[in-house]
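K.L.:
Coordinates only, no sequence provided:
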């Protein structure tokens, strides 16, 4: 049985593993290896994840995990970027577990958290040509708004994110 809960210290390694595996699976055809490794090193290292589990706020609502037999099979994190604006910062699943409704369950938990904090709209950035993420978010009511340079892109890198929004 799959459960979704707020992450604790015991989930650090599982979050790092799932996010790193999914990052490589999702972006290996879209980005160069150095970019992917840089993102994994910065965002999915144990020290940072542990800190993000221990230190939550309105701006960072913390990590939530999908668990099966105590193993992390998905992870999500988001926060409030304005009084009525929520953002999904990260949502990844074990690549072998796509299309089972796990991502939807994770998204629902963070959406409910943000609605309780006053969110009336929710945003997400998706890498251009990410044919795994774009259909997922569009199927859940997110609508394309505009393009922007991808967060973490260096000046000489040409990675573009698509900004999507939905009303809550």
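P.N.:
That came through, no problem. What you see is a predicted model; the values in this text were computed from it and never measured.
K.L.:
mind checking which helix or strand the one residue sitting closest to the centre of the chain is in?
P.N.:
Relative to the mean C-alpha position of the chain, the nearest C-alpha, by CA atoms, centre = their mean, is the one of residue 90, at 1.4 Å. Using DSSP states H and E, residue 90 maps to strand 85-93.
K.L.:
so how far is that strand off the chain centroid?
P.N.:
The chain centre lies 4 Å from the centre of strand 85-93; the measure is CA atoms, centre = their mean, to the nearest Å.
K.L.:
One more: stretch 156-168?
P.N.:
The answer for stretch 156-168 is 13 Å, by CA atoms, centre = their mean.
K.L.:
next one: stretch 131-151
P.N.:
Chain-centre distance of stretch 131-151: 12 Å, with CA atoms, centre = their mean.
K.L.:
Who does residue 164 form a beta bridge with?
P.N.:
Residue 164 has these beta-bridge partners by DSSP bridges: residue 124, residue 144.
K.L.:
Endpoints of stretch 107-126, how far apart?
P.N.:
15 Å (CA to CA, to the nearest Å).
K.L.:
And that stretch, what's buried?
P.N.:
Residues of stretch 107-126 classed as buried by neighbour count (16 or more other CB atoms under 10 Å): 107, 109, 110, 111, 113, 114, 119, 122, 123, 124, 125, 126. All C-beta atoms are positioned from the backbone trio N, CA, C, and that covers glycine.
K.L.:
Stretch 159-166 now?
P.N.:
Those buried within stretch 159-166 under the rule 16+ other CB under 10 Å are 159, 161, 162, 164, 165, 166.
K.L.:
Let's see the pLDDT reported for the fourth one.
P.N.:
Predicted confidence (pLDDT) for residue 164: 98.
K.L.:
before we move on, back to that, the strand holding residue 90: what's the following helix or strand?
P.N.:
Next element after strand 85-93 (DSSP H and E): helix 102-116.
K.L.:
Report how many residues lie close to residue 43.
P.N.:
Residues lying near residue 43 (other CB atoms under 10 Å) number 18.
K.L.:
Got phi/psi on it?
P.N.:
Per-residue torsions, residue 43: phi -100, psi -30 (degrees, to the nearest 10).
K.L.:
contacting residues for it?
P.N.:
Residues counted as contacts of residue 43 (CB atoms under 8 Å, 6 or more residues apart in numbering) are 19, 90.
K.L.:
Stretch 55-62 - what's its average pLDDT?
P.N.:
If you average the pLDDT over stretch 55-62, you get 97.
K.L.:
what about the residue nearest to the centre of the chain, distance to residue 83?
P.N.:
Distance of residue 90 to residue 83, computed by CB to CB, to the nearest Å: 22 Å.
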